[in-house]
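Peer 1: how would this look folded up:
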Amino acid sequence: MSWRLAFSACGLVVSLGSGSSLANAAGATAVDALYQAHCAACHGETRFGGIGPALLPENLERLRKPEALKVISEGRVATQMPAFGDKLSTEEVAQLAELIYSKVTPAPVWDAAEIRGSQVVNADATNLPDKPGPGLKGADPLNLFIVVETGDHHVSVLDGDKLERLYRFPSRYALHGGPKFSPDGRFVYFASRDGWITKFDIYNLVVVAEIRAGLNTRNAAVSGDGKWVMVANYLPHSLVLLDAKDLSLVKIIPTLNAAGDKTSRVSAVYDAAPRKSFVAALKDVPEVWEISYDPDAEPVAEGLVHDFQYQEGHFTPGMFYPRRTLLKDYLDDFFFTQTYHEILGSSRSATKGQVIFLDGRKKIADLDLPGMPHLGSGITWQWTDPTGRERTVMASPNLNDGVVTVIDLKTYENIKEIKTLGPGFFLRSHENSRYAFTDSMMSKEHKNTLQVIDKQTLEVVAQIKAEPGQTLAHVEFTRDGRYALASLWELDGALVVIDAQTLKEVKRIPASKPVGKYNVWNKISRSEGTSH
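Peer 2: Numbering: from 1, shown residues only. Purely as a prediction, here's the structure:
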């Protein structure tokens, strides 16, 4: 069997010879036709991933076949996976499940040669002025919004003062909703589900460089010093380190467990700027990794050590080398405390979360979390309890239950579970606002409703509704907290601008399924009201 790789505007195109189990046209089998009709648009014609994850045995190790049958039939919460039970027979569902657990031959490969070969650099863009250009029309560069519109695969640059679109450009297919910014706010980095990393110069409104770091990518992070980009991959099982200047490949870090007998997808990677490190959670092995980008990082000891003080044993230079925290449970996502000494982690395989002390490399507490908390979307604020004592709290929406959980970050106890209309994905606020906004976008009946929580009374005090059947989600504030922008997740959707004090709608800015919008200042300043 022969195959070739080529690049299109949407990513990878794979041509397979006539011997493939996914052969096209006349040679297709019944199950191949089912897959192409119902699955290929999201998961790729060759099961290598797109909007949805790759459907390969390597990516499905924690999803057993009985659960896969259920997912195909009933859909999956907190994802765009729809239910096919009303379209497919029980036998057809079983055939699809059997197909996705079969191996693709030859196995997909995306290593250093392929990554380097995909790099594209706009040489002219590297010499552009390091000050806001005329395309921004005098807008405050720190009060801009970057808006990801997946309806027609575009990105918009929005003036946060005038609340007007300044620029719009085509993006890679299936961008991850959360782009990351350079520390000064000049550059924004996008990661697409099919592995493309794009660097965009906001000041000059131009793409600087692109590279394909994987076949199925989870997310990316930018270092606090602006020098590095770390990419978390589902396929291949790896972390990929890029030079932030031109996105050239620096290092591939295979995600092999401590025992050396199993590899893992990466659930998430985030920058811990005060620690000068990236922190990554592994989806298929119970480990958290910290990868330092500090040139003076302490050496990492693995294996037997006779003397730590004199480094008698197996020590490896600490920069860009994983320091492992071994756990008993998996982490799908996590949240940093304000000091960045601890992370609060959640797992979709359990109802309890865990608090991990990074310096000590151990779990120090359990979290009593109902349902499926989305800690990666958690926010913090200062809350005065009934006795007058001020506490720092963290609140998280829930992907499975209609509840927002509020946790004391000193004791890790649950302060309150705020009931909502249904499971939600996002929670957002601002230092200058008394309100936090959450959605119920996983609820069929209430996905059109935002709920407004008073951060002191910890009660839902208002609702903001779109039309029945529409989805209203993902709020982000302007730099000063005066306005909150919500996303109407429709092909002919909009950014709904809300006065953050009166909670009245101010205007709508048309957009094509704007899955997220991100304020430059709130992100680079690590605002307590938004995810980091």
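Peer 1: run a quick neighbour tally on A259.
Peer 2: By other C-beta atoms under 10 Å, the residues close to A259 number 8. Every residue, glycine included, has its C-beta placed from N, CA and C.
Peer 1: what helix or strand is the residue nearest the centre of the chain located in?
Peer 2: With the centre of the chain defined as its mean C-alpha position, the nearest residue by C-alpha atoms, centre = their mean is N219, 5.0 Å away. For N219, the host element (DSSP states H and E) is strand 216-222.
Peer 1: return the distance of the helix or strand following that strand from the chain's centre.
Peer 2: Going down the chain from strand 216-222, the next helix or strand is strand 228-235, by DSSP H and E. The chain centroid and the centroid of strand 228-235 are separated by 11 Å, computed with C-alpha atoms, centre = their mean, to the nearest Å.
Peer 1: equivalent analysis for stretch 179-192, please.
Peer 2: Worked out by C-alpha atoms, centre = their mean, stretch 179-192 lies 14 Å from the chain centre.
Peer 1: same check on stretch 451-463?
Peer 2: With C-alpha atoms, centre = their mean as the basis, the mean position of stretch 451-463 lies at 26 Å from the chain mean.
Peer 1: can you show me the helices along this protein?
Peer 2: 30-38, 40-43, 65-74, 90-100, 112-118, 520-524 (DSSP state H).
Peer 1: if you count neighbours, what's buried in the first one?
Peer 2: In other words, helix 30-38. 31-32, 34-35, 38 (16 or more other C-beta atoms under 10 Å).
Peer 1: picking that back up, the helices of the chain: which one's closest to S433?
Peer 2: helix 520-524 (11.6 Å; C-beta to C-beta).
Peer 1: pLDDT averaged over the closest one - what is it?
Peer 2: Averaged across helix 520-524, the pLDDT comes to 97.
Peer 1: that helix - contacts with which helices or strands?
Peer 2: strand 144-149, strand 180-181 (3 or more C-beta pairs under 8 Å, 6 or more residues apart in numbering; DSSP states H and E).
Peer 1: dump those strands into TSV; add mean neighbour count as well.
Peer 2: What follows is these, written out as TSV (neighbours: other C-beta atoms under 10 Å):
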stretch	mean neighbour count
strand 144-149	24
strand 180-181	22
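Peer 1: just put these in CSV and tack on mean pLDDT and distance to Q80.
Peer 2: Formatted as CSV, the helices and strands packed on helix 520-524 follow (pLDDT from 0 to 100; distance: least, C-beta to C-beta, whole Å):
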stretch, mean pLDDT, distance to Q80
strand 144-149, 97, 14
strand 180-181, 98, 22
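Peer 1: export those as a markdown table, with columns for distance to A113.
Peer 2: Output for the helices and strands packed on helix 520-524, formatted as a markdown table (distance: least, C-beta to C-beta, whole Å):
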| stretch | distance to A113 |
| --- | --- |
| strand 144-149 | 30 |
| strand 180-181 | 26 |
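Peer 1: just the strands in the stretch 101-250 of the chain please.
Peer 2: With strands called from DSSP state E, counting those that start in this stretch, the stretch 101-250 of the chain shows them at 120-121, 144-149, 154-159, 164-170, 180-181, 187-191, 196-201, 206-212, 216-222, 228-235, 238-243, 249-254.
Peer 1: can you say which of the ones you listed is nearest to E431?
Peer 2: Of the strands of the stretch 101-250 of the chain, nearest to E431 by C-beta to C-beta is strand 144-149, at 17.6 Å.
Peer 1: what sits up against that closest one?
Peer 2: 136, 155-160, 166, 171, 175, 177, 179, 188, 190, 202, 476, 485, 495, 511-520 (C-beta atoms under 8 Å, 6 or more residues apart in numbering).
Peer 1: mind doing that once more with 6 Å?
Peer 2: Contacts to strand 144-149, defined as C-beta atoms under 6 Å, 6 or more residues apart in numbering, come from residues 155-158, 160, 175, 177, 179, 188, 511-512, 514-520.
Peer 1: for that strand, C-alpha coordinates in CSV please.
Peer 2: The C-alpha coordinates for strand 144-149 follow below in CSV (Å, rounded to 0.1, in the frame of the first residue of the first chain):
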residue,chain,number,x,y,z
LEU,A,144,-8.2,44.4,21.7
PHE,A,145,-10.1,41.2,21.4
ILE,A,146,-9.0,38.2,19.3
VAL,A,147,-12.2,36.4,18.2
VAL,A,148,-12.1,32.8,17.0
GLU,A,149,-15.0,32.2,14.5
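Peer 1: direction included, what does it pair up with?
Peer 2: strand 154-159 (antiparallel), strand 514-519 (antiparallel) (DSSP bridges).
Peer 1: Y270 is nearest to which of those?
Peer 2: strand 514-519 (14.7 Å).
Peer 1: so how far is the closest one off the chain centroid?
Peer 2: With C-alpha atoms, centre = their mean, you get 13 Å for strand 514-519.
Peer 1: restrict it to CA atoms and write it as CSV.
Peer 2: What follows is strand 514-519, C-alpha atoms only, in CSV (Å, rounded to 0.1, in the frame of the first residue of the first chain):
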residue,chain,number,x,y,z
PRO,A,514,-17.7,32.9,17.5
VAL,A,515,-16.6,30.1,19.9
GLY,A,516,-14.4,32.5,22.0
LYS,A,517,-13.0,35.9,22.3
TYR,A,518,-10.0,36.9,24.3
ASN,A,519,-9.0,40.4,25.6
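Peer 1: returning to what we had before: okay if I get the strands of the stretch 101-250 of the chain as CSV plus distance to E490?
Peer 2: CSV is the format used below for the strands of the stretch 101-250 of the chain (distance: least, C-beta to C-beta, whole Å):
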stretch, distance to E490
strand 120-121, 33
strand 144-149, 11
strand 154-159, 15
strand 164-170, 17
strand 180-181, 26
strand 187-191, 22
strand 196-201, 25
strand 206-212, 27
strand 216-222, 25
strand 228-235, 28
strand 238-243, 34
strand 249-254, 38
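Peer 1: now stretch 67-74: buried residues?
Peer 2: Counting neighbours by 16+ other C-beta under 10 Å, stretch 67-74 gives 68-73 as buried.
Peer 1: quick one: which of those residues is nearest T530?
Peer 2: Nearest member of the buried residues of stretch 67-74 to T530, counting by C-beta to C-beta, is V71, at 30.6 Å.
Peer 1: tell me how far the closest residue in space to that closest one that isn't next to it in sequence lies from E98.
Peer 2: Spatial nearest neighbour of V71, excluding adjacent residues (C-beta to C-beta, 6 or more residues apart in numbering): M81 at 6.5 Å. Going from M81 to E98 by C-beta to C-beta, to the nearest Å gives 18 Å.
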